[in-house]
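*Asks:* what would the 3D arrangement of this be:
(3 chains)
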Amino acid sequence: MKVITLLTDFGDFYPGVMKGVILSLSPEARIVDITHDIEPQNVFQGAFLLYNSYRYFRDAVHVAVVDPGVGTERRAVVIESKNYFFVGPDNGILYPSAVEDGIKAVYSIKEEISKLVGELSTTFHGRDIFAPAAAMVANGDYTYFEEFDSGELKELELFDYSIGGNKVRCRVVYVDRFGNIITNLRELKGKRKGFYFRNIEFPFVKTYLDVDVGEPLSLIGSFGTLELSVREGSAADMLGIKRGGEWIELEVL
Amino acid sequence: MKVITLLTDFGDFYPGVMKGVILSLSPEARIVDITHDIEPQNVFQGAFLLYNSYRYFRDAVHVAVVDPGVGTERRAVVIESKNYFFVGPDNGILYPSAVEDGIKAVYSIKEEISKLVGELSTTFHGRDIFAPAAAMVANGDYTYFEEFDSGELKELELFDYSIGGNKVRCRVVYVDRFGNIITNLRELKGKRKGFYFRNIEFPFVKTYLDVDVGEPLSLIGSFGTLELSVREGSAADMLGIKRGGEWIELEVL
Amino acid sequence: MKVITLLTDFGDFYPGVMKGVILSLSPEARIVDITHDIEPQNVFQGAFLLYNSYRYFRDAVHVAVVDPGVGTERRAVVIESKNYFFVGPDNGILYPSAVEDGIKAVYSIKEEISKLVGELSTTFHGRDIFAPAAAMVANGDYTYFEEFDSGELKELELFDYSIGGNKVRCRVVYVDRFGNIITNLRELKGKRKGFYFRNIEFPFVKTYLDVDVGEPLSLIGSFGTLELSVREGSAADMLGIKRGGEWIELEVL
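*Replies:* The predicted structure is shown next:
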């Protein structure tokens, strides 16, 4: 039994179709949804959430499809790393995870793999290319894969924040259901008293409980990066930030 | 191991209860969610999405429950087709899929099947009737099924659009997460330059990439029907169409 | 194969990470989502929905995490009952279900269990504590559990409504996707003609079909408690009640 995980921006319905394709070709596969609510076309967010989930699985095939270039010449790829396989478009979404785990080999997926499903659509390669590719990986069948040089992979840098003086410029990568604002800022050398953003002070603490209910705070959260939060409240509502993608500038206190 | 798929308008929570019932009665079943976000009571949308997903599975029991008539005399049915079983209310939701695959036999589900679960509610036959029926089908146990004439099945026509002169009248059946507007229009004889709708021209193209980012387009999408789209944008936002169900009239260019 | 169910207020993404942890430690486990859309921090709603789903499973490990006290001294517990195991924070969320099934033994989870996952975060004990605990329960491995007196468990009363004269004061516990307003009112001795709320009469009926389409009604729903509904419409929209948690006062007719 092989675990196949799915991470997409497909929202509803389409992932169910992908599961049908996978189970038809690899009946023993166990499919686990990581998320299907990546913000539409937000490759960076997809890469960030894959990076923060892949390692909690053991011996899995990770399929990640956020694919604004569907239908173009961008490669569809399988990356074999030390402990995992990654399947998706070659737009950087797989890159940070695969590099961290240690890339062993890289394959492009031949379009003919879509014959295992039906006619190739121009809009839904999750169904026609990536789902059958994941099943073939789980089956150990490399018929439709062709090795290429891993140096040709599209790269993507997750931790592209910058620090200058008492300013930090970083990205909001994810706003979770509680309204926590997760950034990609991970290194914080030295002691920080907190962060100042949009006229609000977010004291830097260890746990939510270090401030009163309803009060803002900042901490290193479960992603290992800086989060802006409100105890038992929503920093997203307080700041009017509803989605990832925004660059923000924080003043360091 | 038998795959049982679920397609409902139940949204949250209720599907989890159905899964408990299924696994209690058929512990080896593998349950796959197609969607639980069919628009409330929209039988047509349920039928359309089932029709566009069932065939990607192999040898599955497909349970589809969109059931405005719950508690009335409408039949609860199992349809055995060439490759699948379909379980749901007899309101047309199963009909187009079962007909396409080839109906072999039709059974009504006896209300007593609810005894396998508990007391029969008047509001949640997904739990009390359809979930145990799916488990029984997976187990090959026909105790609670009674054959009837398939000619008595409620019919439903998915492709009920009409073409007259340079006008096409069709339905919006689904608005996906990207804001693509999926219609039920599937035949397009001859060459089309595009479609005109609400003063916007949607040129008819092969892929998203045939227009610039932010521009409207139309194409035959992954459902095999006409979709109105905006490249890396949302046709739903552009047109103010947020849900399926609407009839629309397009001018053919 | 052991069934592990998940019920949380985590929404998106985080549950996928929990599944990775569980499957890494207990590869044969079958994971079923009950819901991840409990209203943030609404322990009462979590307890109510767990209570209305746990019994439809057979021989399961039920994990329920709605945990406003994450990072405090609140216990993380495993409750062994007659037919189930329950895993979650000791804030009452597990209590009504475990008591109903019959508590056999109660264990606190040692924080060291997080070593099976990685470094203990202060914000995501679903991943670091409860997911590995569920896997260990499924494996029958009690290394990280320590028995304590069940009398020390935090209690929670689901049916805390009050009846006085012709008034009933009860809670809205859940608003479902159809806009049905589910309360925690379960006993209704004697005959009732209906309920009066915010100047609207909700006649008390057996099924939706006892009123016309678009008309309000009340009935004992699939939770075994009073629901306010509108036939093929939304009582939530009619009354402006969008979420659980509110206390309401009904006049009994």
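*Asks:* only the buried residues of stretch A:190-203, if you could.
*Replies:* Of the residues in stretch A:190-203, those with enough neighbours to count as buried (16 or more other C-beta atoms under 10 Å in any protein chain shown) are A:Gly194, A:Phe195, A:Phe197, A:Glu201, A:Phe202, A:Pro203. (Each C-beta comes from the backbone N, C-alpha and C, glycine too.)
*Asks:* find the nearest non-adjacent residue to the residue of the stretch 151-253 of chain A found nearest chain B, please.
*Replies:* The shortest separation between the stretch 151-253 of chain A and chain B is 12.8 Å, found at A:Arg177 (distances taken as C-beta to the nearest C-beta). Spatial nearest neighbour of A:Arg177, chain neighbours left out: C:Gly11 (3.0 Å); criterion: C-beta to C-beta, 6 or more residues apart in numbering or on different chains.
*Asks:* pretty sure that neighbour sits against A:Asp176.
*Replies:* Yes - C:Gly11 sits in contact with A:Asp176 when judged by C-beta atoms under 8 Å, with a separation of 6.7 Å.
*Asks:* tell me which of those two has more neighbours.
*Replies:* A direct count of neighbours by other C-beta atoms under 10 Å in any protein chain shown for C:Gly11 and A:Asp176 places A:Asp176 higher, at 23 against 16.
*Asks:* quick revisit: over to the residue of the stretch 151-253 of chain A closest to chain B: give its phi and psi.
*Replies:* When quoted as degrees, to the nearest 10, the phi and psi of A:Arg177 stand at phi -60, psi -20.
*Asks:* residues contacting A:Ser200?
*Replies:* For residue A:200 the amino acid is Ile, not Ser. Residues near A:Ile200 by C-beta atoms under 8 Å, 6 or more residues apart in numbering or on different chains: A:Pro216, A:Met238, A:Leu239.
*Asks:* apply 10 Å and report the result again.
*Replies:* A:Ile200 makes contacts with A:Pro216, A:Leu228, A:Val230, A:Ala235, A:Met238, A:Leu239, as judged by C-beta atoms under 10 Å, 6 or more residues apart in numbering or on different chains.
*Asks:* same question, A:Met18
*Replies:* A:Met18 sits next to A:4, A:6, A:8, A:10, A:31, A:36, A:63, A:65, A:117, A:124, A:126-128, A:130-132, A:134-135, B:53, B:56 when contact means C-beta under 10 Å, 6+ apart.
*Asks:* if we use 7 Å, what do you get?
*Replies:* A:Leu6, A:Gly126, A:Arg127, A:Ala131 (C-beta atoms under 7 Å, 6 or more residues apart in numbering or on different chains).
*Asks:* what does chain A have sitting close to chain B?
*Replies:* Within chain A, the positions near chain B by C-beta under 7 Å from any C-beta of the partner chain are A:10-13, A:16-17, A:19-21, A:23-24, A:40-41, A:68, A:71-72, A:121-124, A:127.
*Asks:* the residue of the stretch 151-253 of chain A closest to chain B and C:Pro15 touch, don't they?
*Replies:* No - because the distance of 10.6 Å does not satisfy C-beta atoms under 7 Å, A:Arg177 is recorded as not touching C:Pro15.
*Asks:* same drill for these two, tell me which one is more crowded.
*Replies:* A direct count of neighbours by other C-beta under 10 Å for A:Arg177 and C:Pro15 places C:Pro15 higher, at 24 against 19.
*Asks:* pretty sure the more buried one contacts C:Ile4?
*Replies:* No - using C-beta under 7 Å, C:Pro15 is not in contact with C:Ile4, being 11.7 Å away.
*Asks:* CA-only coordinates of the longest strand belonging to chain A in PDB, if you can.
*Replies:* Criterion DSSP state E: the longest strand present in chain A is strand A:167-175. Extracted C-alpha coordinates of strand A:167-175, given in PDB (Å, rounded to 0.1, in the frame of the first residue of the first chain):
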ATOM      1  CA  LYS A 167      12.600  46.700   9.000                       C
ATOM      2  CA  VAL A 168      11.700  43.300   7.800                       C
ATOM      3  CA  ARG A 169      10.100  42.700   4.400                       C
ATOM      4  CA  CYS A 170       8.500  39.300   4.100                       C
ATOM      5  CA  ARG A 171       5.400  37.600   2.600                       C
ATOM      6  CA  VAL A 172       2.100  36.600   4.000                       C
ATOM      7  CA  VAL A 173       2.000  33.000   2.800                       C
ATOM      8  CA  TYR A 174      -1.100  31.700   4.400                       C
ATOM      9  CA  VAL A 175      -4.100  32.900   6.400                       C
END
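*Asks:* which other residues reach it?
*Replies:* Residues outside strand A:167-175 that contact it (C-beta under 7 Å, 6+ apart) are A:44-45, A:48-49, A:161-162, A:181-185, A:236, A:241-252.
*Asks:* number of nearby residues for A:Val213?
*Replies:* Counted with other C-beta under 10 Å, A:Val213 comes out at 11.
*Asks:* what does the pLDDT read for it?
*Replies:* With respect to pLDDT, A:Val213 scores 92.
*Asks:* report the contact partners of it.
*Replies:* With C-beta under 7 Å, 6+ apart, A:Val213 has these contacts: A:Arg231, A:Glu232.
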